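J.: Structure here, sequence nowhere to be found:
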């Protein structure tokens, strides 16, 4: 199945906005005629390598393809079928308005692309073999304007070195480098030594929070997959955005505090649209790329399921309020519920049987549990209770405020 996912090339989704972080970007750097780097922020930086390099024709690097192109992620239209004259219209309009106000704007996207360009150039002055890719919601189409920027540093793996130790080594290199190179970028820098190590820092120029991992290349693949899903139906993005905002309001959207990550929440919404609605709105993961590439697949599904945003959000809350977490796992790969026992037994390089505990959400590519942070019974009970309470209140009141914490 993983081999099928690797075939999701950007030409299949027919969009220049897919996260096509091509290998070319790891070979390209930007020079001025004087051998200086602009750094993307208007500051001239001198290259301090140990030996000079031949001046070659200037080539456009990966971030500039996004800076010079149009920005397609920000929705500025209202769908014709947002309202249908039913009792759900008020709630649907509230959901849509909240999505429009919270979605990632073009201004924020361009700030992130400029920061990517700056880091790409400055890091490669010292580490020319590193690759640097933007992953996550910034590129998938599911970004909020308040979302962090996720970056993946790629370094060729070393056979006799543990991948986690290898990642920590190179993230420490980057941490030391940015501290000495630019104090405006390393503000509040912290290396989180989790199962997947993360270097967290903030760009004080634009107030952007950055999460940098090393060699977690599955993030590049699932960014492409989620981008495909974001294009299949106009209801997907507002539902994901609203679910994130709802979870944040209830303090259940923070993996560091034993609740759900934004990625897990996104997979849960997609899974619901695969098998929690009748008929299904979204296909299995292996079918998503082809469906996004042709309007026929997406249009056919919409023609059969015309549920409003309001109906879908209420159904989503109820779906997870009743979900048999003790036996079943959420699977976007299969487009179905999968027995937890089968997930534990899956033969995958990174899969640890002990991580499948209270709440299980299967990662479509490496088959790990993206919700492994929910291992505490108290946190698990809080999450399930929040789904149940919100579902009951929203179904009764049909106003968005009913799903939010009651003050």
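T.: Now that the structure is in, tell me what you want to look at. What you are looking at is a predicted structure, and each value in this text was computed from that prediction instead of being measured.

J.: Number of residues surrounding residue 336?
T.: Other residues within reach of residue 336 by the criterion other CB atoms under 10 Å amount to 14. The way it works is simple: take the backbone N, C-alpha and C, and place the C-beta from them, glycine included.

J.: Return the per-residue confidence for the residue lying closest to it once chain neighbours are set aside.
T.: Sequence neighbours aside, residue 275 is the residue nearest to residue 336 in space, at 5.3 Å (criterion: CB to CB, 6 or more residues apart in numbering). pLDDT, residue 275: 96.

J.: contacting residues for residue 275?
T.: Residues in contact with residue 275 (CB atoms under 8 Å, 6 or more residues apart in numbering) are 335-337.

J.: Next step: those restricted to strands.
T.: 336-337 (DSSP state E).

J.: Angles on the backbone of the residue nearest to residue 336, please.
T.: Note on residue 275: backbone dihedrals following degrees, to the nearest 10 are phi -140, psi 10.

J.: how far away is it from residue 323?
T.: 11 Å (CB to CB, to the nearest Å).

J.: didn't residue 273 look like it was pressed against residue 282?
T.: Yes - in this structure residue 273 lies within contact range of residue 282 using CB atoms under 8 Å: 4.3 Å.

J.: okay, and the common contacts of the two?
T.: 233, 236.

J.: returning to that earlier point: could you tell me which residues touch both of residue 275 and residue 323?
T.: Between them, residue 275 and residue 323 share no contacting residue, judged by CB under 8 Å, 6+ apart.

J.: Which residue ranges of this structure form helices?
T.: For the chain, the helices defined by DSSP state H occupy 2-5, 62-68, 89-102, 106-126, 137-140, 163-181, 218-230, 236-249, 262-275, 285-293, 295-304, 309-321, 340-345, 377-397.

J.: List the contacts of the last one.
T.: Put plainly, it is helix 377-397. 91, 246-247, 250, 252, 257-260, 313-314, 317-318, 320-321, 325, 358-359, 374, 400, 402-403, 406.

J.: show me the contacts for residue 268.
T.: Residue 268 touches 243, 260, 320, 330, 361, counting by CB under 8 Å, 6+ apart.

J.: For residue 119, give its distance to residue 274.
T.: Taking CB to CB, one finds residue 119 at 36 Å from residue 274.

J.: And the pLDDT for residue 176?
T.: 87.

J.: Now do stretch 221-233: distance to the chain's middle.
T.: Chain-centre distance of stretch 221-233: 10 Å, with CA atoms, centre = their mean, to the nearest Å.

J.: Need the mean per-residue confidence for it.
T.: For stretch 221-233, the per-residue pLDDT averages 97.

J.: Kindly report the same for stretch 337-352.
T.: pLDDT averaged over stretch 337-352 gives 96.

J.: now for it, what's the gap between its first and last residues?
T.: With CA to CA, to the nearest Å as the measure, stretch 337-352 spans 19 Å from end to end.

J.: which residues touch it?
T.: Contacts with stretch 337-352, where a contact means CB under 8 Å, 6+ apart, come from 275, 324, 326-331, 353, 356, 360, 362, 366-369.

J.: could you redo the last one with a cut-off of 7 Å?
T.: 275, 327-329, 331, 353, 356, 360, 362, 366-368 (CB atoms under 7 Å, 6 or more residues apart in numbering).

J.: got a winner among these for most neighbours?
T.: Going by other CB under 10 Å, residue 362 tops the contacts of stretch 337-352 with 27 neighbours.
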